[in-house]
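Chemist: Attaching a predicted model along with its sequence, questions to come.
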Amino acid sequence: WRGAPIYEQDTLKQMIAVLDGEGFQVHMHCTGDAAVALAIRALEALGDETREQEEEEGRRRLKRRHIIAHVQFIAPSDIERIGRVGAMVNMSPYWFQLEECAYVNTLVRDDIGCTQYPCRSIMESGAVLCFGSDWPVSSMVPLEGLQVAVTRKSLSEEEEGEGARKWNYDQKITLKEAWKFYSQGSARANFREKDVGMLKTGFSADLIVLDQDPFDVDPARISKCAVLRTLSRGVSVWPLNSQ
C-alpha cells in the first residue's frame, strides 16, 4: 500500500526554490518513505547560497531551516542524506508507541513496520531534531512524549522486565537528548534559539516546576511527574492563584 504524492518532484523543487528565495521557511509533512525522499531531493536541489556554516558542529545547514515533519518511514539509504541536506526534522515522540501505529502495521510488511520512527538513526545522521506534540490529534503533554522517546514503550506499560513490550528499542534516545529536542530544538526551528529554549541569563523565563526530578525517576514513570507551577516570561500563570 502507498499513498499518492500531492506534488510531483519537479513541482516541489520549483515551489521550494521560490519560497526559499522569498524568505519563507517550508514545513513539509512527510509520513511515508517516498514522501521523505521527495522532500530530501527537493532540498538537495537548492543552491549553495541557501546554506550557511554551522559554528558549533561545522556542518552546512539551510538558512531558512526548512522542516521535514513526522518521518514515520524513511529508506535506510536516505537516513544519511537527511542529515547531510541540512534540514530540520520535526518528530512527535507520542506517536512512537506501538499501539498508536497498530493500524499502520496492518498495511505494510513486518520488516517495514518495525522500522517506524528511527529517531536515534536520524539524530546520528547529523540532522537537527525538534520535538512537538502533533496536537490536537495527539496528547499535548511533553512529559508523555519524553517518556515514550526514552523507553520506546506505551505509556500504559510501566514494568521494565522481560514482559515489557518495547518497540524499535534500538531507536530510543536519552532523556537529556529528548529534553534538548523539545526545548532547544524547537527554539531553533522557530529562529528563537537566542532568547528561548534554555534556562540562561537573558533568556525568557518560560519554565515549569515539577514535584520530582524526571532525571532521577524510573524512565517509565516520567509522565507521572506532576506540574506544580508554570511560568511564562517570569510570570506565574498556573496555578492561577499563585504569586
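Modeler: Now that the structure is in, tell me what you want to look at.
Chemist: What residues of the helix or strand of the chain with the lowest mean pLDDT count as buried?
Modeler: In the chain, the helix or strand scored least confidently by mean pLDDT, DSSP states H and E is helix 102-105, which has a mean of 79. Buried residues in helix 102-105, counting neighbours by 16 or more other CB atoms under 10 Å, are found at Val104. Yep, even glycine has a C-beta here, placed from its N, CA and C like the rest.
Chemist: now do stretch 132-142
Modeler: By 16+ other CB under 10 Å, the buried positions in stretch 132-142 come out as 132-134, 138-139, 142.
Chemist: Quick check: end-to-end length of that stretch?
Modeler: 8 Å (CA to CA, to the nearest Å).
Chemist: How far off centre is that stretch?
Modeler: Distance of stretch 132-142 from its chain centroid, counting by CA atoms, centre = their mean, to the nearest Å, is 12 Å.
Chemist: Which ones among the buried residues of stretch 132-142 lie within strands?
Modeler: With strands identified by DSSP state E, none of the entries of the buried residues of stretch 132-142 belong to them.
Chemist: For the residue positioned nearest the centre of the chain, what are phi and psi?
Modeler: Nearest to the mean C-alpha position of the chain, by CA atoms, centre = their mean, lies Met91 at 2.6 Å. The phi and psi values for Met91, taken as degrees, to the nearest 10, are phi -120, psi 160.
Chemist: Now for it: which residues touch it?
Modeler: Contact analysis of Met91 by CB atoms under 8 Å, 6 or more residues apart in numbering lists 69-71, 117, 119, 122, 129-132, 181.
Chemist: Report the beta-bridge partner residues of it.
Modeler: With DSSP bridges as the criterion, Met91 is bridged to Phe131.
Chemist: so where's the chain uncertain?
Modeler: 1-2, 55-58, 158-166, 240-243 (pLDDT under 70).
Chemist: residue ranges for the helices of it, please.
Modeler: Here the chain has its helices, by DSSP state H, at 9-21, 33-44, 76-84, 102-105, 110-113, 119-124, 142-151, 175-180, 186-189.
Chemist: Buried deepest among the ones you listed, which one?
Modeler: Stretch with highest mean neighbour count among the helices of the chain: helix 142-151 (a mean of 24; mean count of other CB atoms under 10 Å).
Chemist: on that earlier part again, looking at the helices of the chain, which is closest to Ile222?
Modeler: Ile222 lies closest to helix 142-151 among the helices of the chain, at 4.0 Å (CB to CB).
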